[in-house]
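Enquirer: sharing a sequence plus its predicted fold:
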Amino acid sequence: MDQITFHYDTVLSDVHMFLPKARHLMTHLNHVGQPVFISKFKILSACERYHNNIGTKGKSEEEEQKHSDLKQDRDKDASIEEAGEEVVNGSVKPSLDKDGDLDITHRPRKKAVANRSHDLVCPIILQQSHSGIEEEEESTADEDEFFSDVIRIEHTMATPLEDVGKQVWRGAFLLADFILSEPTMFREATVLELGAGTGLTSIIMATIAKMVYCTDVGEDLLRMCKRNVTLNRHMVEPAGGEVRVRVLDWLQHDLCTDADVAFSWKKDEIADMYNNTSVILAADVCYDNDLTDGLFRTLHRLCTNFTHSCVIFISLEKRMNFTLKRMDVTCEAYNHFTVCLSQLQDLGNRQCRFRVEQLPSDFAQFFLYERVEQLELWKVTSTPLPREEAQPDS
């Protein structure tokens, strides 16, 4: 794999493109022949967030830019003076020797380190079969036993649109940031994540909540998600949380209980999910209109069967596209999402009431990624109506 070829339908997450100092290590090929990588993401401490200038409040972009420019000017002047040059009225006066020639001071060279190793640019295939993967997962988890702030995620890169759930997206980081910013809101809760993908958000939630049902579709994707849960048990188990990976198809009305199907539900799990789920999560899953319709139908069906209130958090990124149909830059997937939100709120006169609000995105940032202004977080509160007020659902 010296070179990655991108096809016309290939999609690559910005997290993989712009993550600084990332070393994506290829470990094996999945069942459909896609290269699988493992990446480490660190949960930043308050000190690290301050030094990286992320997650800070009260400082405008203009002030930060002025501070950065001033610091660069000072560093430049200091380097000039250190080189023996003089700054006069903002311009540099060169240093001359006795003969009037330019006196150039060279930066001292660092001594070469013998046998210095360099990271390879191309990925390394460690394994191509699933034999021995569990042993590697156990050993790698042991390596990070004392690093509870490092999450390891197995994922793919540059996939077709139907496999984008196997990548890591900024919406998952935004929702994970919110969870870590409001731990008391989720402590000891039972949580259901829809369209969990690689499971990053569910794993972070399990460090606070009691039970997390991490759901998606596709056996290959669910196996990847399950391995990520195993890779990060050093974070989940000490916190007392639990993650169960299960299949949940938005286009199907009932949950799969067939024991012959991988990741199917048990009856006691279904009862626990319906009786105790107080939080539902969905991170960056509204990119296709049919899937968005399926998501909102699933949310409505679940909430109308709950006998208690439930809070839904949906993160997404507005993605602008130029279309020949409109000859303009549009965001059709986002527009459809907002229409579905409005329809869900209007359906509140039947069995439960829905209240929709957009949350500000100024909470602390715990992961190193670009929190662009197109990232949004929405909160939907579902409250069941008394029986005398409820109406039959169509």
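Expert: Received, thanks. Keep in mind the model is a prediction, meaning the values are calculated, not measured.

Enquirer: in stretch 375-390, what counts as buried?
Expert: 375-378, 380, 382, 384 (16 or more other Cβ atoms under 10 Å). Placement of C-beta: from N, CA and C, glycine included.

Enquirer: let me fix that, I meant to ask about stretch 339-349.
Expert: Those would be 340-341, 344, 347-348, for stretch 339-349 by 16+ other Cβ under 10 Å.

Enquirer: likewise stretch 225-243?
Expert: Applying 16+ other Cβ under 10 Å to stretch 225-243 flags 225-236, 241, 243 as buried.

Enquirer: now the buried residues of stretch 339-349 in a markdown table, with distance to Cys331, secondary structure and pLDDT?
Expert: Listed next are these as a markdown table, based on distance: Cβ to Cβ, whole Å; DSSP: H, G, I helix; E, B strand; the rest coil; pLDDT from 0 to 100:
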| residue | distance to Cys331 | secondary structure | pLDDT |
| --- | --- | --- | --- |
| Cys340 | 14 | helix | 96 |
| Leu341 | 14 | helix | 95 |
| Leu344 | 19 | helix | 92 |
| Leu347 | 24 | helix | 79 |
| Gly348 | 26 | helix | 58 |
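
Enquirer: columns distance to Leu368 on top of the residues you listed, output as a markdown table?
Expert: Output for the buried residues of stretch 339-349, formatted as a markdown table (distance: Cβ to Cβ, whole Å):
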| residue | distance to Leu368 |
| --- | --- |
| Cys340 | 32 |
| Leu341 | 30 |
| Leu344 | 34 |
| Leu347 | 40 |
| Gly348 | 39 |
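
Enquirer: thought Cys214 was touching Glu242, still the case?
Expert: No: the pair Glu242 / Cys214 is not scored as a contact, 10.3 Å apart, by Cβ atoms under 8 Å.

Enquirer: neighbouring contacts of stretch 363-376?
Expert: 14-15, 18-20, 41-44, 49, 52, 54-55, 170-171, 173-174, 176-178, 180-182, 315-320, 358, 361 (Cβ atoms under 8 Å, 6 or more residues apart in numbering).

Enquirer: hang on, the earlier thing: mind checking which of the buried residues of stretch 225-243 are in helices?
Expert: Using DSSP state H, the members of those that fall in helices are 225-231, 233-236.

Enquirer: quick check: the farthest pair among those residues?
Expert: Cys225 and His234 (17.2 Å; Cβ to Cβ).

Enquirer: may I ask which helix or strand of the protein has the lowest mean pLDDT?
Expert: helix 133-143 (a mean of 46; mean pLDDT, DSSP states H and E).

Enquirer: may I see the buried residues of the next helix or strand after that one?
Expert: Sequence-wise, the next helix or strand downstream of helix 133-143 (DSSP states H and E) is strand 150-155. Buried residues in strand 150-155, counted by 16+ other Cβ under 10 Å: 151-155.

Enquirer: out of those, which is nearest to Ala259?
Expert: Glu154 (26.4 Å).

Enquirer: now do the closest one against Pro35, distance only.
Expert: 11 Å (Cβ to Cβ, to the nearest Å).

Enquirer: and for Trp265?
Expert: Trp265 is 31 Å from Pro35, by Cβ to Cβ.

Enquirer: which one of those two is surrounded by more residues?
Expert: Set Trp265 next to Pro35 and count neighbours by other Cβ atoms under 10 Å: Trp265 wins out with 21 against 18.

Enquirer: before we move on, the earlier item: got CSV for the ones in helices among the buried residues of stretch 225-243, with pLDDT and distance to Leu161 too?
Expert: As requested, these are exported to CSV (pLDDT from 0 to 100; distance: Cβ to Cβ, whole Å):
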residue, pLDDT, distance to Leu161
Cys225, 97, 19
Lys226, 97, 23
Arg227, 96, 23
Asn228, 97, 22
Val229, 97, 25
Thr230, 96, 28
Leu231, 95, 26
Arg233, 94, 32
His234, 92, 34
Met235, 93, 31
Val236, 94, 31
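
Enquirer: so which of those comes closest to Phe147?
Expert: Out of those, the member with the shortest distance to Phe147 (by Cβ to Cβ) is His234, at 7.7 Å.

Enquirer: relative to Asp288, how far out is that closest one?
Expert: Distance of His234 to Asp288, computed by Cβ to Cβ: 35 Å.

Enquirer: excluding its backbone neighbours, what's nearest Asn366?
Expert: Check again: residue 366 is Phe, not Asn. Leu180 (4.8 Å; Cβ to Cβ, 6 or more residues apart in numbering).

Enquirer: least confident pick among the buried residues of stretch 375-390?
Expert: In terms of pLDDT, Pro384 ranks lowest among these, with 91.

Enquirer: name the nearest residue to that residue, ignoring sequence neighbours.
Expert: Cys352 (4.7 Å).

Enquirer: what about that neighbour, neighbour count?
Expert: Close neighbours of Cys352, defined as other Cβ under 10 Å, add up to 22.

Enquirer: also the one 10 residues further on?
Expert: Asp362: 12 surrounding residues under other Cβ under 10 Å.

Enquirer: before we move on, what about Thr159?
Expert: 19.

Enquirer: that one pairs with what?
Expert: In this entry, Thr159 is beta-bridged to Val11, by DSSP bridges.

Enquirer: and it, what is it in contact with?
Expert: Applying Cβ under 8 Å, 6+ apart, the residues contacting Thr159 are 10-11, 34, 166-167.

Enquirer: now swap in Phe263 and tell me
Expert: Contacts of Phe263 by Cβ under 8 Å, 6+ apart are 219, 222, 226, 245-247.

Enquirer: helix/strand/coil for it?
Expert: Assigned with DSSP: H, G, I helix; E, B strand; the rest coil, Phe263 falls in the coil class.

Enquirer: for the stretch 151-300 of the chain, just list every one of the strands.
Expert: Secondary structure of the stretch 151-300 of the chain, counting by DSSP state E, counting those that start in this stretch: strands at 159-160, 190-193, 211-216, 242-247, 277-283.

Enquirer: where are the low-confidence patches of the stretch 201-350 of the chain?
Expert: Where the stretch 201-350 of the chain drops to pLDDT under 70, the residues are 322-329, 348-350.

Enquirer: just the helices in it please.
Expert: 219-231, 233-236, 267-276, 289-305, 332-346 (DSSP state H, counting those that start in this stretch).
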